[in-house]
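Visitor: here is the input, now give the coordinates:
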Amino acid sequence: MQKATIQLETLTCPSCLLKIENATKSLQGVEKESVKVMFNSSKVKLDFDSEKISIAEVEKAITALGYEVKKTQVKAL
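Guide: Next up, the predicted model:
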């Protein structure tokens, strides 16, 4: 398992938070209970299994919703 912090371009509304949260929780390999989207800091924090999903796939799911990923940090758990 790995831990990721994804910095997004500014989130503009609470419904954005819910869209990103639901999309990332639905990805196979993402630990659903770990997903936290922080509106004020425009960050997504989550744990994922790198054998099942890459961080690039997580970023792609977020950008497919229309949000820009600024940078991502990944750490091993």
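Visitor: chain neighbours aside, what residue packs nearest to the residue nearest the centre of the chain?
Guide: Against the mean C-alpha coordinate of the chain, by C-alpha atoms, centre = their mean, the closest residue is residue 44 at 4.5 Å. Of all residues not flanking residue 44 in the chain, residue 6 sits nearest, at 4.3 Å (C-beta to C-beta, 6 or more residues apart in numbering). C-beta: built from backbone N, CA, C; applies to glycine.
Visitor: list the contacts of the one you found.
Guide: 43, 44, 45, 46, 58, 59, 62, 69, 71, 72 (C-beta atoms under 8 Å, 6 or more residues apart in numbering).
Visitor: is it located within a strand, as I assumed?
Guide: Yes: per DSSP: H, G, I helix; E, B strand; the rest coil, residue 6 lies within a strand segment.
Visitor: which stretches of the chain have low pLDDT?
Guide: Within the chain, not a single segment meets pLDDT under 70.
Visitor: now do the strands in it.
Guide: 2-8, 36-38, 43-48, 69-76 (DSSP state E).
Visitor: could you look over those and pick the most buried one?
Guide: strand 43-48 (a mean of 20; mean count of other C-beta atoms under 10 Å).
Visitor: tilt between the longest helix seen in the chain and strand 43-48?
Guide: Determined from DSSP state H, the single longest helix within the chain is helix 14-25. Calculated by axes from the mean of the first three to the mean of the last three C-alpha atoms, to 10 degrees, helix 14-25 forms an angle of 20 degrees with strand 43-48.
Visitor: what's in contact with helix 14-25?
Guide: 8, 11, 30, 32, 35, 37, 39, 44, 46, 58, 61-62, 64-65, 67.
Visitor: closest one of the residues you listed to residue 52?
Guide: residue 30 (8.5 Å; C-beta to C-beta).
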